[in-house]
Each structure stands twice: as C-alpha cells, then as structure tokens.
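In: no sequence on this one, just coordinates:
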C-alpha cells in the first residue's frame, strides 16, 4: 500500500492546478471522426435536421439531476485502484477484450455497417434485434472499462461502432441500421421498437463524456427530435423502449434543450395507469426481470429532473415489492427471465445483477439513502463476482447461490438451456429455438465499470460522498467556491474492515464529506490524522464530516463486521459477515466444451463445465438462539495479489454430512444430466459432527450457500 501512496502523490500539485478538468475529459481534444464513406441512402452528420447547438460537456452543470441528493460524477472522475483495477484489467484481457475476435454477435459489426441482422445461414438466424441489444451493452461496458484503465486496444474496439453510428445517420438523423428505423403498425413483443437505441445510447453518452466531444451529443439530440413516428410505448418483453427516457434526460442535462426533457415527460405521461398499478402491487411479480429493473427506475430518474415526489414514490414502491418477495441470499432478485421465488434452487440472469444495481444507484441519488449502497455492494460482491470465472474467461447466463454441478442441461431454476449454467464467452440456450440470443454476454461488461463510476458522488450541498467502497481515487470540485480536491481511497474492502481516505488539496478547504455507514455495521469508528474522532450521528445511512480539510489529511473509517444468518423461503439457512455471504466451495474438476456449431467459443475461450471433486452435502450445526460469533471462527490470512481468487477471509463452522443427499436426474428430455438437488427433507439422517470452511460466495464457481440445518 505504501508504494501506491507514493505513486499517487507524484505531481499532486500539478494535478490540482488543472487536472480536475483533465480527469473528467475537459482538456481532451474533440474527437475527429474518421470512417469509410457512407453507404447509399445515408449521409454523414446531417445539418438540415432540427437540432440544438449543444453546450460543452465538461463538468456537471446545474441541469444535471437538479433534485438529486447525490449526483454521479462524470466518467473519468473516479479511477479504480487495487483489486478493482486488477479485475477490470482481467476483464479487458478476458472475454470483454476478445469476444469481438470470434464470438457471435460481437464479431459481426453490429452498429458498425451490419444491416442484415442475424445470419440466416448459421445457427444464429432468428429474431434479429438481439445482436444490436447485446452489442450495445458490450460497447457501453467495453468503452467504460477501457476509459477507466486506459486500455488503448479495448478503447479502439469500442469506439469503432460509436464512430460509425454517429457518422452515418440514416436520412440525416436516425442512429442505427435501417432495419430498425421502420416501426410495425401493430407491434408485438418480438418487435424491437426503440429498445436497441435505449441500450446503445448509454454507450454514446459514456463516450461523449469520456472523449469530451459535442458531436455525439448533437447526434443524439438530432435523433430524438426527428423521431416523431414512435410513441415509445412498445418494445420487447414489455414496453422497453420507454427506457429512452434515460438518454433523453442525459441529453437535456448536457445540451440545455428543454425539448429533451419535454419528450421524456411525454413518454412517461402516456404510461397507462394499469401499468403503474401492476408495477407497484403488493404481491409477487411475474414480470420479466430485466424489464422490471429497467422500467421501475424511470419514475425516480424523472424525479431527479422534475422534483415530483409522486414519481419517486412509484420507483420506491416497485423496489419495495422486489425486496419483499424476490430477494435471494446473494443480494440479487430471483430472476431467471421472469421474477421468481426465493428457494435454494432459484437464481438470476447476469443481466439482472447489472440492471438492478444500476436502478438502485438512481434510487440512491434520488433519496440519499445508504441502504441502496448496501444493496449494490451485496449484489456485486456476491452474485456479481460469483457469476464470472475468476480469470474472466467466462460468465454464467444464469447463476445460483447453490450450484454444485455445472454441466450441459444442468441449470436448475426452471430453464432447459443447454449451456445456461456454464461459464463461457456467451450462452447457448433455449434449444426449442434454432438460434442463440447471446443473453447477458454484452451486459456483463458493464458490471464493474458502472460500479466504479458511481463509487463517489457530488452532494447537493457542494460536498462529496463515498457511497460505494473499494480501492479508488476521485477528483471533483467541492465547496461554495467549487475548488479542486482529490481523495485517494486505500482499502481491501470488502475483505477488510478499514477504509483509509487521504485528501489532496491546494489549500485548506471546507466541504462536507459524506461516508456511508452500512446498515450491517453496528459499531463504526473514525480516526482523523491518527487520532480517534467523534463519529457524527448517522442520518439516512451516512455520516457527514463538515470540516476544513487540509492537504494530506487522513481519515480512517472502521466498519467492524459481525456474522449473521439469513433464511430462504424453503427453510434453508445462509451465513453472512458484513457485505459478504459465505459458501462451501468444493474442489472443482473443469471440462472445456467447444460449441463451434453456435459460433460462440474458441480454443482459448471454450464453455466451461465443472463437477465437484469433494463432498458438498453438508447441513450446518448452528443454534440461532446462541450468538453466531460464539459458534464459528473467522479466519484471516495475508492479503494476496488477487483477492477474489485467493480470499483472505473465511469462516469455520460445525456441520454434518446429510446422508442420501446427492445430485438429481430430473425427469424429461434432459434426464441424462445431473442437477443440484433441492434441500433435503426434514427426516434426513446426519453423519457425525465435523467442521467445514466457508469462503466468500464471490470467490467461488461451484458452491453451496443455502444449507439445510441439522435437526437431530
């Protein structure tokens, strides 16, 4: 850690004199678009369409989320360090950086001159809008990842479709392939409407900020102002084209053109009352998980610009419903396509891990409630990290808290997908269809970059807020005079209980510094410059240090972690400590599976199956009437260079082997494949007591997280 401090301190004065602008892209020259000649019937950046003259992007202005308690910083203001930087580097060197080399649809130039859609001559012929959706996800995540770690190769790959799309608007305004321009008279759930734009335009917004060029902003505004034939009330799996509200509001904030805000409000005003009633009903939902996550955030997003309390309440009610009926042990809702129950065999798409975290981030900005930060961390550290192979050579389309066998057809929660549970560069699933849908393969690229960007936020009173924790550094302007400050956050959190903030400023500077106190932490502590300090009262999950901060001040926050227990709806128990949930990790026997017929694998990036090579069928011997810290041992070892592959913390707890509890062969056309079994029945027999070691769920591939309890 000492070497990191020394490196980060070099040139600090030069940084503070002008580098807050550099950090957010202000000093980066506007990009010059270089591309091929436009195809027939297309024009390069049209001038005749009605579009505003955009303001410079630069630092966030007063139009950006004016009613937010906290506002996310501009892309490039927060930089990852430590394990976060390592994971983003592994991501760039792993599937995110290599999917365009071989993996459908990322190797087919979607958003970059491909007008055909999925290839009819291959196994990938079929519904045509999926590739533009997943490529939009990939570009957004890949660009942000590249920007955060200064990866020039990944940056160039991500910028190609961005440059092409902005340079080649159809009919002078439409951004995207002509195939997506025309809208059907009677749209169905299979019609894309403007959903692909809602996905890809987030990548355009990120690049506009990261490159600091007004060209992209102008193109987006021109597109929306001329798209008068779409009412934005349709789209696949629910009215997903409403999600364009997100980009419309971004365009308004950065251009100052009121028409962008008006259009966003018009789209929301057309939402039928029955849709709002269904979204907020106090009962379990059967809505498509991604659709629910995306649509439920829109009212809170609008509140950030309108101040309409009723809008905020809609989103809060929708999320209250999810928290009440659909949450799994690992922090993400039970969402295998549709929202489901919360038993030991339920799981979630990787898309839902990403999308719910992004929605909770907007609610955090709207409410200032630290609870949403707690939820984001829990979902990322457990479900998110548990859904990726630790070298970033693959991810799971569907992952589960309990998964002790991963083979073809082994996905247990209500899904027959032939590779839905395998770790790989894409997902071959739904064998009833003659094509793949590339589900989550692009969206997983957004998981860590969006977390990093939202770790630090501006506060409405001119302060700075640490809303999500991890090793990082942030540059911002704060206080009444909007002066430059940088804060370096040194920590191994969530594997450690201490977070150290070092402040760098030209001169002593007064501003409020907000630090989130997680709801699970009962005895937080604070030190300032090596001396114990009084911890202010916790309000809405945060403490505020309103003080004069001097250059090189050091603030240390202590977040002691205590063990706790939770329960699944089918009677299982799981153990947690701080933001981490703990799992039994059996030894793994891996098998590489090539899928050339689906055009999603390569020799270096196959699909990976895994079988347990050690016992996993344990029940916990715990008495919940006795404090858990008296029944288990917390083991801590030296910090490694790769914390998620070799976690430095584990739990030792008493357990008994459950006799007869073993893998199952389900009935049906996939009966030859083993699956993870449900929890055993109450009259099971148990072996003698022994101890087992549990590790953080996010460091596992095979795992048992939800245990039966010994009843003997």
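Out: That came in fine, so what should we check first? All values reported here derive from a predicted model rather than from experimental measurement. Numbers count the residues shown, from 1 in each chain.

In: what's the spacing between the residue nearest to residue 468 when sequence neighbours are not counted and residue 401?
Out: Computed as Cβ to Cβ, 6 or more residues apart in numbering, the closest residue to residue 468 that is not its neighbour in sequence is residue 455, at 4.4 Å. C-beta coordinates here come from the backbone N, C-alpha and C atoms, glycine included. The gap separating residue 455 from residue 401 is 26 Å, by Cβ to Cβ, to the nearest Å.

In: who has more neighbours, those two?
Out: The neighbour comparison of residue 455 against residue 401 (other Cβ atoms under 10 Å) goes to residue 401, with 31 against 24.

In: residue contacts, that one?
Out: Neighbour list for residue 401: 328-330, 344, 347, 574, 581, 583, 697, 703, 705-706 [criterion: Cβ atoms under 8 Å, 6 or more residues apart in numbering].

In: let's see it at 7 Å
Out: 328-330, 697, 705-706 (Cβ atoms under 7 Å, 6 or more residues apart in numbering).

In: Report pLDDT for residue 672.
Out: At residue 672, the predicted lDDT confidence score is 63.

In: just residue 114 next, same as before
Out: In this model, residue 114 is scored at 85, pLDDT.

In: before we move on, what about residue 428?
Out: In this model, residue 428 carries a pLDDT of 74.

In: Then residue 454?
Out: pLDDT for residue 454: 98.

In: My guess is it contacts residue 361. True?
Out: Yes: with contact defined as Cβ atoms under 7 Å, residue 454 reaches residue 361; the gap is 5.1 Å.

In: on that earlier part again, is it possible to get the contacts of residue 401 out as CSV so that each row also shows secondary structure, pLDDT and distance to residue 615?
Out: What follows is the contacts of residue 401, written out as CSV (DSSP: H, G, I helix; E, B strand; the rest coil; pLDDT from 0 to 100; distance: Cβ to Cβ, whole Å):
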residue, secondary structure, pLDDT, distance to residue 615
328, coil, 98, 24
329, coil, 97, 21
330, coil, 98, 22
697, helix, 98, 19
705, coil, 98, 16
706, coil, 98, 17
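
In: Emit the ChimeraX select command for whichever of these are buried.
Out: Per 16 or more other Cβ atoms under 10 Å, the buried members of these correspond to this ChimeraX selection:
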select :328,329,330,697,705,706
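
In: Among the contacts of residue 401, which one lies nearest to residue 408?
Out: residue 705 (22.8 Å; Cβ to Cβ).

In: Give the full set of residues in contact with that closest one.
Out: Taking Cβ under 7 Å, 6+ apart, one finds 329-330, 401-402, 574, 581, 583, 697 in contact with residue 705.

In: Go again with 8 Å.
Out: 329-330, 401-402, 574, 581-584, 697.

In: Can you tell me which of these end up in strands?
Out: Using DSSP state E, the subset of these located in strands is 574, 581-584.

In: can you list the weak-confidence ranges in this protein?
Out: The chain contains residues with pLDDT under 70 at 1-59, 117-128, 413-417, 429-436, 667-672, 711-712.

In: Could you pull out the helices in the stretch 151-300 of the chain for me?
Out: 152-167, 195-211, 214-226, 244-255, 258-269, 273-280, 289-296, 298-306 (DSSP state H, counting those that start in this stretch).

In: Quick one: list the elements packing against the longest one.
Out: I take that to be helix 195-211. Contacts defined by 3 or more Cβ pairs under 8 Å, 6 or more residues apart in numbering; DSSP states H and E place helix 195-211 against helix 130-149, helix 152-167, helix 214-226, helix 244-255.

In: Residues that sit against both of residue 454 and residue 361, list them.
Out: The contact sets of residue 454 and residue 361 overlap at 72, 376 (Cβ under 8 Å, 6+ apart).

In: For residue 694, give the beta-bridge partners.
Out: For residue 694, the beta-bridge partners under DSSP bridges are residue 584, residue 651.

In: What is the end-to-end distance of stretch 598-606?
Out: Distance across stretch 598-606, first residue to last, is 12 Å (Cα to Cα, to the nearest Å).

In: ok, and the closest non-adjacent residue to residue 87?
Out: Using Cβ to Cβ, 6+ apart, the closest residue to residue 87 is residue 448 (5.8 Å).

In: thinking again about what came up before, next, the residue nearest to residue 468: phi, psi?
Out: As for residue 455, its main-chain torsions (degrees, to the nearest 10) stand at phi -70, psi -40.

In: That one contacts residue 81, correct?
Out: No: using Cβ atoms under 8 Å, residue 455 is not in contact with residue 81, being 10.8 Å away.

In: Give me the common contacts of the two.
Out: Residues touching both residue 455 and residue 81 (Cβ under 8 Å, 6+ apart): 472, 489.

In: Contacts for stretch 510-518, please.
Out: The contact list for stretch 510-518 (Cβ under 8 Å, 6+ apart) reads 70, 370, 373-374, 377, 459, 461-469, 478-479, 485, 501, 524, 538, 541-549, 555, 557, 559, 578-579.

In: same question, stretch 186-202
Out: Residues outside stretch 186-202 that contact it (Cβ under 8 Å, 6+ apart) are 111, 127-129, 132-133, 135-137, 139-140, 161, 165, 175-176, 180, 183-184, 220, 223, 227, 230, 232, 234-238, 240-241, 243-244, 246-247.

In: Was I right to think residue 222 contacts residue 169?
Out: Yes: counting by Cβ under 8 Å, residue 169 is a contact partner of residue 222 at 7.2 Å.

In: First-to-last residue distance for stretch 675-684?
Out: For stretch 675-684, the first-to-last residue distance is 20 Å (Cα to Cα).

In: In that stretch, which of the residues would be classed as buried?
Out: Here stretch 675-684 shows 675-680, 684 as buried, counting by 16+ other Cβ under 10 Å.

In: ditto for stretch 186-206
Out: 187, 191-206.

In: ok, now which ones touch residue 143?
Out: 155, 158-159, 162, 203, 206-207, 210.

In: Quick check: it vs residue 263, distance?
Out: From residue 143 across to residue 263, the span is 25 Å (Cβ to Cβ).

In: so how many other residues sit close to residue 279?
Out: If you count neighbours by other Cβ under 10 Å, residue 279 ends up with 21.

In: Please list all residues in contact with it.
Out: So residue 279 contacts 287, 292, 295-296, 314, 317-318, 321 (Cβ under 8 Å, 6+ apart).

In: Give me the distance between it and residue 273.
Out: Distance, residue 279 to residue 273, using Cβ to Cβ: 11 Å.

In: again, but for residue 544
Out: As for residue 544, its distance to residue 273 is 39 Å (criterion: Cβ to Cβ).

In: swap in residue 354?
Out: Here the criterion is Cβ to Cβ. By it, residue 354 lies 30 Å from residue 273.

In: So between the two, which is more surrounded?
Out: Higher neighbour count among residue 354 and residue 273: residue 354, with 28 against 7, using other Cβ under 10 Å.

In: Identify all contacting residues around stretch 640-651.
Out: Under the contact criterion Cβ under 8 Å, 6+ apart, stretch 640-651 has outside partners 83, 86-87, 385, 390-391, 492, 495, 563, 575, 577, 580, 582, 632-639, 693-696, 698-699.

In: again with stretch 574-582
Out: The contact list for stretch 574-582, computed with Cβ under 8 Å, 6+ apart, reads 329-331, 374, 377-378, 381-382, 401, 494-495, 497, 518, 520-521, 559, 561-568, 620, 628, 632, 634, 649-651, 653, 694-698, 705-707.

In: Need the distance between the two termini of that stretch.
Out: For stretch 574-582, the first-to-last residue distance is 7 Å (Cα to Cα).

In: again with stretch 452-462
Out: 21 Å.

In: ok, now stretch 284-297?
Out: Stretch 284-297 has an end-to-end distance of 18 Å (criterion: Cα to Cα).

In: Counting neighbours, show which residues of that stretch come out buried.
Out: 284-285, 287-297.

In: for stretch 621-636, same thing?
Out: Of the residues in stretch 621-636, 621-622, 628, 631-632 count as buried by neighbour count, 16+ other Cβ under 10 Å.
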